[in-house]
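Undergrad: Give the three-dimensional model of this entry:
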Amino acid sequence: MSRLDDLKRLPLFQDVPQEALQEASQVTTERHFRAGQVILEQDAEGEALHLITRGVVRVSRVSLGSRERVMGDVYAPAVVGETAVLGGGERSATVRALSDVTTLMLYRTHFQQILRRHPDVLWNLSAMLVQRVTFLNDELIAFGLNTEAALSHVFTNLYQQRVRAGVPNPEVLPLSTQDIMARISSSRETVSRVMRRLQQSDLVRSNGQQVILLNVDGLLGITLEESEQGE
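TA: As a prediction, the model looks like this:
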């Protein structure tokens with residue numbers, strides 16, 4: 001697959017003029033990362049964003065108390081690192097490769113030029129940021145309800161990402177008990193108790209290293225029901 005084809009698959013460059021694709025193709029640099037390598041590091045200067053064309057990464061953030069929280073996994077095609085590039089500040093999170101990852105690195109100066117010359121790219125960027133805010137609002141609601149709603153939100157969102165990315169067996173989530181604890185900032189006891197409840201309801205199955213979704217609609221219903229009860 002050519003670089004132009006990779007760019008066309010990215011949300012940032014969908015349905016934009018050929019000239020925008022050509023310009024982006026000329027100013028991006030292809031980078032390769034092995035599983036476990038850090039792509040972006042929290043608190044580092046944000047001079048460039050990464051357009052993920054292959055693979056999956058994990059986004060995490062260390063709080064003031066030195067406690068790491070996993071913010072989520074991101075599957076290609078996607079963009080990471082744009083917040084610091086747009087704001088001109090430091091990285092707000094660390095991005096680490098979960099698999100072998102290929103990205104197209106785009107520096108701030110080139111990105112600014114593309115946005116000025118091609119309003120369609122700016123429109124796509126705005127749409128992406130709106131989707132991210134909507135997702136964060138939904139997550140805040142789910143996490144504010146209870147652990148069951150929080151887990152259901154995490155599982156269904158990851159499933160939907162895997163479906164969009166065309167991952168085989170998207171219902172098989174690569175989440176260990178430790179991963180889940182880091183994702184929702186809960187103790188092992190709490191996670192184990194809620195997972196048993198979900199398994200008893202035939203919604204999921206887990207072996208401690210992965211979670212298999214048995215009833216996605218049922219999981220989606222948990223968040224909706226809890227939200228309605230809270231109103």
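
Undergrad: What score does Leu224 have for pLDDT?
TA: For Leu224, the pLDDT comes out at 55.

Undergrad: out of everything not next to it in sequence, what's closest to the residue minimising distance to the centre of the chain?
TA: For the chain, Val74 is the residue whose C-alpha lies nearest the centre (CA atoms, centre = their mean; 3.2 Å). With sequence-adjacent residues excluded and distances taken as CB to CB, 6 or more residues apart in numbering, Val74 is closest to Val57, at 5.2 Å. C-beta here means a position set from N, CA and C on the backbone, and glycine is covered the same way.

Undergrad: Show me what that neighbour is bridged to.
TA: On the basis of DSSP bridges, Val57 is bridged to Val74, Ala97.

Undergrad: what's the neighbour count on it?
TA: By the criterion of other CB atoms under 10 Å, Val57 has 27 neighbours.

Undergrad: Contacts only, for Phe111.
TA: By CB atoms under 8 Å, 6 or more residues apart in numbering, Phe111 lies in contact with Leu49, Val85.

Undergrad: Backbone dihedrals for it, please?
TA: Main-chain dihedrals, Phe111, degrees, to the nearest 10: phi -60, psi -40.

Undergrad: quick one: it from Asp43, how far?
TA: Phe111 sits at a distance of 21 Å from Asp43 (criterion: CB to CB, to the nearest Å).

Undergrad: Please enumerate the strands of the protein.
TA: In the chain, the segments counted as strands under DSSP state E are 29-33, 38-40, 48-54, 56-62, 68-75, 78-80, 94-97, 101-107, 172-173, 204-206, 211-213.
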